[in-house]
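[1] model this:
(chains A and B)
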Number of protein chains: 2
Amino acid sequence: MAASVVPDETVGRLVTYVDYLERLLDQEVATVSSRELAAAAGVNAAQVRKDFSYLVPYRLGYFGTPGVGYEVRRLLYQLTRFLGVTHERRVVLVGYGSLGAALARYRGFAARNFNMVAVFDVDPAKIGKKVDGALVHGIDRLGEVLAQTGAEIAILATPASSAQSVAEKLAQAGIRAILNFAPVVLSLPRGVTVRQVDLSREMQLLAFRAMQDGESARAHHDSLPEEERQREP
Amino acid sequence: MAASVVPDETVGRLVTYVDYLERLLDQEVATVSSRELAAAAGVNAAQVRKDFSYLVPYRLGYFGTPGVGYEVRRLLYQLTRFLGVTHERRVVLVGYGSLGAALARYRGFAARNFNMVAVFDVDPAKIGKKVDGALVHGIDRLGEVLAQTGAEIAILATPASSAQSVAEKLAQAGIRAILNFAPVVLSLPRGVTVRQVDLSREMQLLAFRAMQDGESARAHHDSLPEEERQREP
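    Okay, here's the model as predicted:
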């Protein structure tokens, strides 16, 4: 399948282009250049055209008009069809701790057509609470609530120790995609797509890159002749 | 610099190996095989050895003893030195909304030696509150508090509309690394390392991959002869 080779970075930028195009549409802007799209995503115009080339096998490739640019409305239609963001997707959240609570209230999901229809926890003190229209259920009601709501996507925000067993229950109950915030590599049957968001790992990666940048800046400074060093700000 | 080519995936796994080795050390396990390390990170043993090869230019390459494995304590020392996780790093959080509040309470940061020393917000109702030992300050006190605390890392959890201007203030006040949760590509001077965590984009990527997996499963099913199709579960 040609589809499976679309890099994560490209899919991420396609989402950025959609956001940007929606703003342009609101402002009644009719056309946009690849340079403008590039600036919005922090890449160059050649990368924008490369990103769009991934849509060609789906007969959604639209390369605009040279010298004029892309029609905002048409490009937006192509990208949203490709990404599958044209219809609502139902999501459940498992684990209503402090991170779970923040995720339940996070507005960015609804803005992308993800509708949180139910929350699950094991704590009897939390069960029965209402969170922005979604009810907190006991985890034992998973199968029943999933069947009622038709949710296929789950956000997993349990402690690390219970993440694997909860994920297995989710897979058995028909969940096809899991956004995993627990710092555990989940092992699940084929047919369940998992993405992991490990916040402390992101922090670790950030600190490591910053340390490297500091070292290479110092190495650059040390490699300069004395007079150059003094001239550096 | 050889350092700058270490892929994010490798750095991420090095962190996973550290977690796993710390658990082994707690359990007084003396040696570990690359196969065990591989299983903990969800890769194969060859990938583990490849990941370790990035440490060689730093004279931290340690390849264990064939047939015996790696000494847990020695490998842990090498990896933590490489990652720079041996000392405490001070962090500030900017934006004390629902996501910011969850991040302020997130225990995974402290577990990796990141110490949140201050929180900032613009809302007078939040200023002066205490969050797990860190005080919420007005954003106008940024320079002063950073000078007092010596923090070099910031978590940015403001609304998208103010993220760029807050990030510029952070850079001016001496912050060298920003973990950005606002859905905006920040444009900052060289010397400030930025990593972006866009939760709704992660969700979008997950849904897109799940859709692709569903399509390739259906395509696989459709390409089978009729009798094979019936045999599939």
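[2] show me chain A divided up by domain.
    Listed by automatic domain parsing, the domain ranges of chain A are A:2-83, A:89-197, A:200-231.
[3] low-scoring stretches of chain A, by residue?
    Per-residue confidence for chain A (pLDDT under 70) gives these ranges: A:1-4, A:59-63, A:215-233.
[4] show me where chain A has strands.
    In chain A, the segments counted as strands under DSSP state E are A:31-32, A:70-71, A:89-94, A:114-121, A:130-131, A:134-138, A:153-156, A:177-180, A:193-196.
[5] check those strands for me and report the most buried one.
    Mean neighbour count (mean count of other CB atoms under 10 Å in any protein chain shown) peaks for strand A:153-156 among the strands of chain A, with a mean of 27. Quick note: C-beta positions are derived from backbone N, CA and C, even for glycine.
[6] pairing partners for it, with directions?
    Using DSSP bridges, strand A:153-156 pairs in its sheet with strand A:89-94 (parallel), strand A:177-180 (parallel).
[7] need those strands in a markdown table with distance to residue B:136, can you?
    Listed next are the strands paired with strand A:153-156 as a markdown table, based on distance: least, CB to CB, whole Å:
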| stretch | distance to residue B:136 |
| --- | --- |
| strand A:89-94 | 27 |
| strand A:177-180 | 29 |
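[8] for residue A:67, find the nearest of these.
    strand A:89-94 (38.4 Å; CB to CB).
[9] helices along chain A, start to end?
    For chain A, the helices defined by DSSP state H cover A:8-26, A:34-41, A:45-53, A:72-83, A:98-105, A:107-111, A:142-149, A:160-172, A:199-223, A:226-231.
[10] deepest in the core, which of the ones you listed is it.
    Mean neighbours per residue, mean count of other CB under 10 Å, is largest over the helices of chain A for helix A:98-105, with a mean of 21.
[11] what about it, near chain B?
    Yes: if you take CB under 8 Å from any CB of the partner chain as the test, helix A:98-105 does meet chain B, through A:98-99, A:101-103, A:105.
[12] among those residues, which one lies nearest to residue B:213?
    Closest approach between the residues of helix A:98-105 next to chain B and residue B:213, by CB to CB: residue A:103, at 23.2 Å.
[13] the closest one: what's it in contact with?
    Residues in contact with residue A:103 (CB atoms under 8 Å, 6 or more residues apart in numbering or on different chains) are A:93, A:109, A:155, A:157, A:181, B:102, B:199.
[14] just the closest of the residues of helix A:98-105 next to chain B to chain B, please.
    Nearest to chain B, judged by CB to the nearest CB, of the residues of helix A:98-105 next to chain B is residue A:102 at 3.1 Å.
[15] just checking, the closest one touches residue B:106?
    No: when contacts are counted by CB atoms under 8 Å, residue A:102 is not listed as touching residue B:106 (9.1 Å).
[16] quick one on the thing from earlier: distance to residue B:69 for the helices of chain A - can I get that in a markdown table?
    Shown next, in a markdown table, are those (distance: least, CB to CB, whole Å):
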| stretch | distance to residue B:69 |
| --- | --- |
| helix A:8-26 | 33 |
| helix A:34-41 | 45 |
| helix A:45-53 | 43 |
| helix A:72-83 | 45 |
| helix A:98-105 | 36 |
| helix A:107-111 | 44 |
| helix A:142-149 | 40 |
| helix A:160-172 | 25 |
| helix A:199-223 | 25 |
| helix A:226-231 | 47 |
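[17] so which of those helices comes closest to residue A:126?
    Taking CB to CB, helix A:98-105 is the member of the helices of chain A nearest to residue A:126, at 9.3 Å.
[18] centre of the chain to the closest one, how far?
    Put simply, helix A:98-105 sits 16 Å off its chain's centre (CA atoms, centre = their mean, to the nearest Å).
[19] what angle separates that helix from helix B:98-105?
    On the basis of axes from the mean of the first three to the mean of the last three CA atoms, to 10 degrees, helix A:98-105 is oriented at 170 degrees to helix B:98-105.
[20] can you dump the C-alpha atoms of helix A:98-105 in PDB for me?
    This file holds the C-alpha atoms of helix A:98-105, laid out as PDB (Å, rounded to 0.1, in the frame of the first residue of the first chain):
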ATOM      1  CA  SER A  98      -5.000  14.600  37.100                       C
ATOM      2  CA  LEU A  99      -3.700  14.000  33.600                       C
ATOM      3  CA  GLY A 100      -7.000  12.200  32.600                       C
ATOM      4  CA  ALA A 101      -9.000  15.100  34.000                       C
ATOM      5  CA  ALA A 102      -6.900  17.600  31.900                       C
ATOM      6  CA  LEU A 103      -7.300  15.500  28.800                       C
ATOM      7  CA  ALA A 104     -11.100  15.300  29.400                       C
ATOM      8  CA  ARG A 105     -11.300  19.100  29.400                       C
END
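[21] tally of neighbours for the residue nearest to residue A:19 when sequence neighbours are not counted?
    Using CB to CB, 6 or more residues apart in numbering or on different chains and skipping the chain neighbours, the partner closest in space to residue A:19 is residue B:183 (7.4 Å). When neighbours are defined as other CB atoms under 10 Å in any protein chain shown, residue B:183 has 20 of them.
[22] surely residue B:183 and residue B:202 touch.
    No: contact status for residue B:183 versus residue B:202: not in contact, 11.0 Å apart, counting by CB under 8 Å.
[23] what sits closest to the residue most central in space within chain A if chain neighbours are left out?
    Residue closest to the mean C-alpha point of chain A, counted by CA atoms, centre = their mean, is residue A:12 at 7.0 Å. In space, and not counting its chain neighbours, residue A:12 is closest to residue B:201: 5.4 Å by CB to CB, 6+ apart.
[24] next: residue A:185.
    For residue A:185, the closest residue by CB to CB, 6+ apart turns out to be residue B:42, at 4.2 Å.
[25] can you count the residues close to the one you found?
    Look at residue B:42: counted by other CB under 10 Å, it has 14 neighbours.
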